[in-house]
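*Asks:* quick check, what structure comes out for this input:
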Amino acid sequence: MILQEGVLVTALFSFRISPLMALSMDRHFFSSERERLGFTHERLAAVLDLNLYTPKKWAGGSRKIPPHVGYALAALERGLEPIGADYPVPVPRLMGYVFAAIQAGLEPIGKDHLVEWSGKDSSD
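*Replies:* Purely as a prediction, here's the structure:
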């Protein structure tokens, strides 16, 4: 197995998240990073194998951006391939990039840009 038992859980929850607080990557930070990495909403959705509207809803603030997306962005920035596509039960591509970043020892992009998500745009 590529990831040792317990390592993934530790890495994904290393943000020290309170179980009562729903954290999300800041949507403005997400948009600027997506653009910096050269992705349109359409291309990012295709690469991560997401519904086309998911990145658009993330950027628009109507859907929470999971904190682990920072790992996927780090993997994309480094040109890593997703892990798990060839497993007996394939890993969803977004999580494959998360696993690749963790295995490579990368820090998640935007870990300092997590905000409490209320479902409302706090900048309006």
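*Asks:* phi and psi next, for Ser24.
*Replies:* In terms of degrees, to the nearest 10, the main-chain angles of Ser24 are phi -140, psi 150.
*Asks:* list the contacts for it?
*Replies:* By CB atoms under 8 Å, 6 or more residues apart in numbering, the contact set of Ser24 is Lys64, Ile65, Pro66, Pro67, Leu114, Val115, Glu116, Trp117. (Glycine included, C-beta is placed from N, CA and C.)
*Asks:* at 10 Å what do you get?
*Replies:* 30, 58, 61, 63-67, 69, 113-119 (CB atoms under 10 Å, 6 or more residues apart in numbering).
*Asks:* in the protein, which helix or strand is least confident?
*Replies:* The helix or strand of the chain with the lowest confidence, counting by mean pLDDT, DSSP states H and E, is helix 7-12 at a mean of 45.
*Asks:* on that earlier part again, sort out for me which of the contacts of Ser24 are in strands.
*Replies:* Leu114, Val115, Glu116 (DSSP state E).
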